[in-house]
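In: Fold the following and give me the result.
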Amino acid sequence: MNARRTLLLAVALAALWLAMLLLGAGTADQAILLRLHSGDQPWLAVAALGFTYLGNWPTVIAVTVIGAIWLLYRGKRRSALLLLVASFTGRGMVILEKGYFARLRPEENLRLAEVHYQSFPSGHAANSMIVYLGIALLAVDHPEHRRRAVGAALLLTFLIGFSRPMLGVHWPSDVVAGWSFGALWLLLVLAAGERLKPNRSSATA
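Out: Model (predicted):
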């Protein structure tokens, strides 16, 4: 991806995050939340709990470490480092956002899962976007296989994100903000890693 496209994508993701911050937790969010909520459909709640587990921080840590070890095994030290940096710094940034904006979560009577911290943005959506999409981009070299891996990673991330309002623990805008922030953070880390890559021509001179 060239610098212009990277910049345009970063601006679009940042704008989407800002829109969710400014417009979220209102009547539209409430209406969508109630439509997605799975409280009266136990089988959907169980499915949502399964997907939300894949976005829990302990699970994401395990996936990050396993992914980094696999990249190291394949000789991709830079990629392994980028994955670790994106995952752990992204998690830290999400916690800082939650503390600073301090958006309240949906009402307690809607919650079907235990929660910590404040509501905005969704850590499950952000962390899963960073890690699963990051592994798809960093671990797969063949273009066709990479497209499939990216598609699978995005599908998983979307399912994890949708599970949060289904369980009544996040506003839909929190989830969209989490997706956009996670994609933005991963984009910035990968772009920084690309800029810091040694120039091959100078290295061989």
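
In: State the distance from residue 112 to residue 25.
Out: Distance, residue 112 to residue 25, by CB to CB, to the nearest Å: 19 Å. Yep, even glycine has a C-beta here, placed from its N, CA and C like the rest.

In: That should have said residue 98, apologies.
Out: In terms of CB to CB, residue 98 sits 13 Å off from residue 25.

In: Quick check: neighbours shared by the two?
Out: 119-120 (CB atoms under 8 Å, 6 or more residues apart in numbering).

In: can you pull out the helices in the chain?
Out: Remark: helices assigned in the chain by DSSP state H are 3-23, 27-36, 42-53, 57-73, 77-101, 123-139, 143-166, 172-195, 200-203.

In: looking at this protein, which helix or strand does the model trust least?
Out: Least confident helix or strand, the chain: helix 200-203 with a mean of 47, by mean pLDDT, DSSP states H and E.

In: For residue 167, see how far away residue 126 is.
Out: Between residue 126 and residue 167 the computed distance is 17 Å (CB to CB).

In: what about the two, which has more around it?
Out: More crowded of residue 126 and residue 167, by other CB atoms under 10 Å: residue 126, with 32 against 26.

In: wouldn't that one be in contact with residue 184 here?
Out: No - Residue 126 lies out of contact with residue 184 (CB atoms under 8 Å); the separation is 9.4 Å.

In: Can you check which residues contact both of the two?
Out: Between them, residue 126 and residue 184 share no contacting residue under CB under 8 Å, 6+ apart.

In: correct me, but residue 156 touches residue 131?
Out: No - Residue 156 is beyond contact range of residue 131, at 10.2 Å (criterion: CB under 8 Å).

In: For the two, work out which one has more neighbours and name it.
Out: The neighbour comparison of residue 156 against residue 131 (other CB under 10 Å) goes to residue 131, with 27 against 18.

In: which residues does the more buried one contact?
Out: Residues in contact with residue 131 (CB under 8 Å, 6+ apart) are 60, 63-64, 67, 83, 86-87.
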